[in-house]
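A.B. asks: 3D model of this:
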Amino acid sequence: MRLRSGVFASSCLLVQALGVALFLRGFFPVPVRSVPRREARADPPAEPAPPGAGMVSNWTKIPPPLFKKVVIVLIDALRDDFVFGSKGKQFMPYTTQVVEKGTSYSFIAEAKPPTVTMPRIKALMTGSIPGFIDVVVNLNSPALLDDNLIWQAKTAGKRIIFYGDDTWVKLFPKHFVEYDGTTSFFVSDFTEVDDNVTRHLDRVLKREDWDLLILHYLGLDHIGHMTGPNSPLVGPKLREMDNILKKIHISLLSKEEASLPNLLVVCGDHGMSETGSHAPLAQPEHVQQTDLASTLAIGLGLPISRNSVGNLILPVVGGKTMREQLRFVHLNGFQLSRLLQENTPAYEKDPGYEHFKIAEKSHGNWIKLYLEGNNSEILLNLGKKVLKQYLEALKILSSSLSKQVAQYDMYSMMVGTVIIMEVLLLLLLSVPKALSKRAEFEVPLSPPLFSLLFYLMCLMLCAIHVIVCTSAESLCYFCSMSWLTALGVMMLISALTCGILSAIAKIFENSRLPPKSPIVSNSSWSEIDVLILAGTIGHVLSLGASSFIEEEHQTWYFLINTLCLVLCQELCRNTFLLKECDPQHSTNVKQNFDSIGETSECKNIDIPAASNSKLGKATSSSELIKGSDKWMSLATPWIILICCRLLRSLNQTGVQWAHRPDFGHWLTSSEHKSELSFLAAVSLLMIFFLVQRRCSLVSKIAMALGLLGVYSYRAAVGNVVFPWQHGGKDISKGITEARFVYVFVLGILFTGTKDLLKSQVISANSSTKSTGLWEVYSGLVLLAALLFRPHNLPVLVFCLLIQTMMTKYIWIPLKFDAAQITIMHYWFGQAFFYFQGNSNGIATVDISAGFVGLDSYVEIPAILLTAFATYAGPFLWAIHLLCYLSSEVSRNSAAVGHGCFCYALMRSIPVAIYIILVTGLRYHLFIWSVFSPKLLYEGVHVFITAAVCLFFTAMDQNHSYKVQD
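C.D. replies: So this is what the prediction gives:
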């Protein structure tokens, strides 16, 4: 079967996406769990038996509650410096006063990744560490079936009331005697989402028919997502929270009884990064967030959740007697040791388990002295020693359990890895044919699929599948698939293997044949080729180090800077040295250019005045001196370097320098709103200027109105101001303005799609096709302008500027082939991913982009908009590549196929190697904080690239390629 390069590359990338999905499902399984919660309410352990005969402890029950009523106030995205720092003193005076008095116990809780709301609620209520798979289900939270504090409280007959984020209602259905949930995903709402909680307070605080009150405030988190932690909206919101806490605290104190006090817990589920996204709560001297579940269980007189890996926060119970404190830590240690037994075969050799048994034995000796009535100093000192032993055991047990919160599904991971590596090998073996002038090759399907080897491999793989699935002790996702699906995957692996062997055999067969032509190829590697190969290999190898992943943006910045310098050298050589060495060269090239120039007049080449850039390279030396294009071409790499340097200072990303202020922080501060407004207006004007030249008149008008709507939307939500605004303006959700822009985005995309369909179906007109592609590209640029935060609009401007300059002054004059231009587009796309302020951490994902123009949470649009805003850089560079290759008529008509194949190969290489590295480093110290988020980014990027390659293939419909030398 004869396939074009683009079709083959798209098919391979789709298969690789299947392998990536299977690997991700095995790498991010559901965390290990203890027994189902219906079996969790077993009898608690008794106190350790004292040595000797006839002595038995009489404490065998769960200790009684330490508090009468408990109120949990969860302020979403409450950063520690919002309470303990200068902002706390300024905006939360009452809370700060309570902390400074010493009448409360204050600590900073460290939230383990992933730092999104639903996993953090799970951590707070179960004491377990959620897996990264919870990031995916965070958008549609299912009911929590694990043993948890809410279920234990309900089973014990406690009356629970909840107001706030409806994620709680989804996680704990039918657990609350009264609730009022508000959606957490409409991030443009700063006030109503909190007012819906506060309006119940006065009434519920006067009542006595509840034991546990939970309030989840979302406004602060929404402000962070939309405007960042330095927004002028943060202070009033913190003051509002302080007044609410004051009201609750005073109410609880007024109803407090001497025998049983009330408890107010104020906490955040995660922090807030400098860009306003979620971040771990990481500061000196802190406890783990999972410790709260164990502490609350003890305070409410409930069993500790069976899946909890947290430790009791001892100062909370520090006022109790020594016997009670030892009882509390013994219950905690018993629960942790039991969880260790259920998840670790050799649990008896674990240091934490050994320490616990030693402490338990010492505890028994203490019980003996206590029951004998010994009240001497010896009893007190022994109690302190036992308490210290318990705390050490708890720390080690918790650490051991945290390291194995999830068991890797190695079988699913291996199957996915095999598919990914086979696809990569097939792509590499196909490079010579795929990048040939015809960009198509024969794929021998019949011999491999009907060979004995294919059927033997299928039988062998099926046998392995049966053996693994019948002998596996733990749950395997691939084994849970239907046998028909598993058989299809086995046949796919067998077919890929046979195809690889067939390609290798073909290569060896061709190598033995005598060459058809005695002419020796004089092709040699240029500096660009060497840089591309070295850069690709170097980047892939750097993924094995956590520091290079955290600072990957530095790698891409270095590569594009080096690329600019190499391009500068190439331009100088072609402008000066080449013409001096070969006087005939100029005449030949000029004749070639003249023929191209005549064609370009009627073919609507992508960049106007492209003929001038051709002239700048092809005319004689005397004409070159007179032309300005030569000097503009020589200056282009340096201009690009300056643009990249400016972009680097706009957004600090990564880890090492992320805390340092950047130009983006300066612009988003409330004092510089006028400067931000001016910059946004100028950026939108430049976007229109750079895009409109390629559009039809109708699209130009739509683009102008759409960009005006973008500014109006940002003014509506309070990011920028109009010149005629003097006083404060009420901030709205900007729904009308954003939908106004969406209308023009869809209109431009519809116009472009109409032209593309016309060129594909009605008439094969390359001019119509080129216009349609640029229309689609322009619509995507307008969408990006809407979703980008105002201070990031210069990123979009420089993206368009660099594309325009490189097209006119570098790619056309130097006549790079499609493969080289594709890799340059890929590199710049990766660099612009980081210029946007993205990193390899989940905290930098701007989820507010997914809710622009939505008045309620709609899952599919929110996911698509967030993905587009995150990967706008790579996506826009990929679409520009297609527009450029399709519209430049001087190229081989197979250029689009070459571009599609190279783009798929450039995406396939890093993801395949990284999956191998991650598998080998799965027990690395930073596997969850560094390597796992990067793996998610790589996986999503594969799916996006597969969609881009499908679009390339759809646009590459010329089946009879004509070679134009």
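A.B. asks: leaving out the residues flanking it, which one is nearest to Thr736?
C.D. replies: Take Thr736 and drop its neighbours on the chain: the residue closest to it by CB to CB, 6 or more residues apart in numbering is Ala716, 7.9 Å away. Heads up, the C-betas are built off the backbone N, CA and C, glycines and all.
A.B. asks: run a quick neighbour tally on the one you found.
C.D. replies: 20 (other CB atoms under 10 Å).
A.B. asks: from Met92, how far off is the residue nearest to the spatial centre of the chain?
C.D. replies: Here the mean C-alpha position of the chain is nearest to the C-alpha of Ile842 (CA atoms, centre = their mean), at a distance of 4.4 Å. Between Ile842 and Met92 the computed distance is 28 Å (CB to CB, to the nearest Å).
A.B. asks: do the same with Tyr347
C.D. replies: In terms of CB to CB, Tyr347 sits 45 Å off from Met92.
A.B. asks: looking at the two, which one has more neighbours?
C.D. replies: Met92 (25 against 17).
A.B. asks: how about that one, nearest residue that isn't a chain neighbour?
C.D. replies: Asp242 (4.0 Å).
A.B. asks: what residues sit buried inside the host helix or strand of the one you found?
C.D. replies: Using DSSP states H and E, Asp242 sits in helix 234-254. Residues 234, 237-238, 240-242, 244-246, 248-249, 251-252 are the ones in helix 234-254 that count as buried (16 or more other CB atoms under 10 Å).
A.B. asks: what sits up against it?
C.D. replies: Contacts of helix 234-254 with the rest of the structure, by CB atoms under 8 Å, 6 or more residues apart in numbering, involve 69, 71, 73, 75, 82, 87-88, 90-95, 98, 190, 194, 198, 201, 205, 217, 219-220, 223-224, 262, 264, 266.
A.B. asks: list the helices and strands the helix or strand following that helix packs on?
C.D. replies: For helix 234-254, the following helix or strand on the C-terminal side (DSSP H and E) is strand 263-267. On a contact count with 3 or more CB pairs under 8 Å, 6 or more residues apart in numbering; DSSP states H and E, strand 263-267 meets strand 70-75, helix 234-254, helix 291-299.
A.B. asks: can we see that at 6 Å?
C.D. replies: Contact here means 3 or more CB pairs under 6 Å, 6 or more residues apart in numbering; DSSP states H and E; on that basis strand 263-267 packs against strand 70-75.
A.B. asks: got the contact list for the strand it packs on?
C.D. replies: Contacting residues not belonging to strand 70-75 are listed as 212-217, 220, 241, 248, 263-269 [CB atoms under 6 Å, 6 or more residues apart in numbering].
A.B. asks: mean confidence score for the longest helix anywhere in the chain?
C.D. replies: The longest helix of the chain (DSSP state H) is helix 483-512. Per-residue pLDDT values over helix 483-512 give a mean of 87.
A.B. asks: could you check the helix or strand Phe441 falls within and say which residues are buried?
C.D. replies: Assigned by DSSP H and E, Phe441 falls within strand 440-442. Residues 440-441 are the ones in strand 440-442 that count as buried (16+ other CB under 10 Å).
A.B. asks: give the pairing partners of it; include direction for each.
C.D. replies: When pairing is defined by DSSP bridges, strand 440-442 lines up against strand 2-4 (antiparallel).
A.B. asks: ok, and what's touching the helix or strand following the strand it pairs with?
C.D. replies: Using DSSP H and E, the helix or strand that directly follows strand 2-4 along the chain is helix 5-27. Contacts of helix 5-27 from elsewhere in the structure, counted by CB under 6 Å, 6+ apart, are 409, 412-413, 415-416, 419-420, 423, 427, 434, 439, 477, 897, 900-901, 904, 908, 915, 939, 942-943, 946, 949-950, 952-953, 956.
A.B. asks: pull out the buried members of these.
C.D. replies: Of these, these count as buried by 16+ other CB under 10 Å: 409, 412-413, 415-416, 419-420, 423, 427, 434, 439, 477, 897, 900-901, 904, 908, 915, 939, 942, 946, 949-950, 952-953, 956.
A.B. asks: now, which of these lie within helices?
C.D. replies: Per DSSP H, the buried ones among the contacts of helix 5-27 map to helices at 412-413, 415-416, 419-420, 423, 427, 434, 477, 897, 900-901, 904, 908, 915, 939, 942, 946, 949-950, 952-953.
A.B. asks: how about low-confidence regions in the stretch 351-500 of the chain?
C.D. replies: 404-407, 443-450, 472-475 (pLDDT under 70).
A.B. asks: 80 instead?
C.D. replies: 373-376, 402-407, 438-451, 472-476 (pLDDT under 80).
A.B. asks: kindly report the same for the stretch 501-650 of the chain.
C.D. replies: By pLDDT under 80, the low-scoring segments of the stretch 501-650 of the chain are 510-525, 575-629.
A.B. asks: returning to what we had before: which pLDDT value goes with the residue nearest to the centre of the chain?
C.D. replies: 80.
A.B. asks: try the one 4 residues further on
C.D. replies: According to the per-residue confidence, Asp846 scores 85 in pLDDT.
A.B. asks: count of neighbours near the closest residue to it other than its chain neighbours?
C.D. replies: Once flanking residues are discounted, Asp846 sits nearest to Ala869: 6.0 Å by CB to CB, 6+ apart. Ala869 is flanked by 25 other residues according to other CB under 10 Å.
A.B. asks: wait, isn't Ala869 in contact with Gly850?
C.D. replies: No. Contact criterion CB atoms under 6 Å: Ala869 and Gly850 do not qualify, at 7.4 Å.
A.B. asks: thinking again about what came up before, how about the helix or strand harbouring the residue nearest to Asp846 as PDB, C-alpha atoms only?
C.D. replies: Secondary structure assignment for Ala869, by DSSP H and E: helix 859-870. Extracted in PDB, the C-alpha atoms of helix 859-870 (Å, rounded to 0.1, in the frame of the first residue of the first chain):
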ATOM      1  CA  GLU A 859     -16.600  20.800  30.800                       C
ATOM      2  CA  ILE A 860     -15.600  20.300  27.200                       C
ATOM      3  CA  PRO A 861     -15.200  24.000  26.300                       C
ATOM      4  CA  ALA A 862     -13.300  24.700  29.500                       C
ATOM      5  CA  ILE A 863     -10.800  21.800  28.900                       C
ATOM      6  CA  LEU A 864     -10.300  22.800  25.200                       C
ATOM      7  CA  LEU A 865      -9.800  26.500  26.000                       C
ATOM      8  CA  THR A 866      -7.400  25.800  28.800                       C
ATOM      9  CA  ALA A 867      -5.400  23.400  26.600                       C
ATOM     10  CA  PHE A 868      -5.200  25.900  23.800                       C
ATOM     11  CA  ALA A 869      -4.200  28.800  26.100                       C
ATOM     12  CA  THR A 870      -1.400  26.600  27.600                       C
END
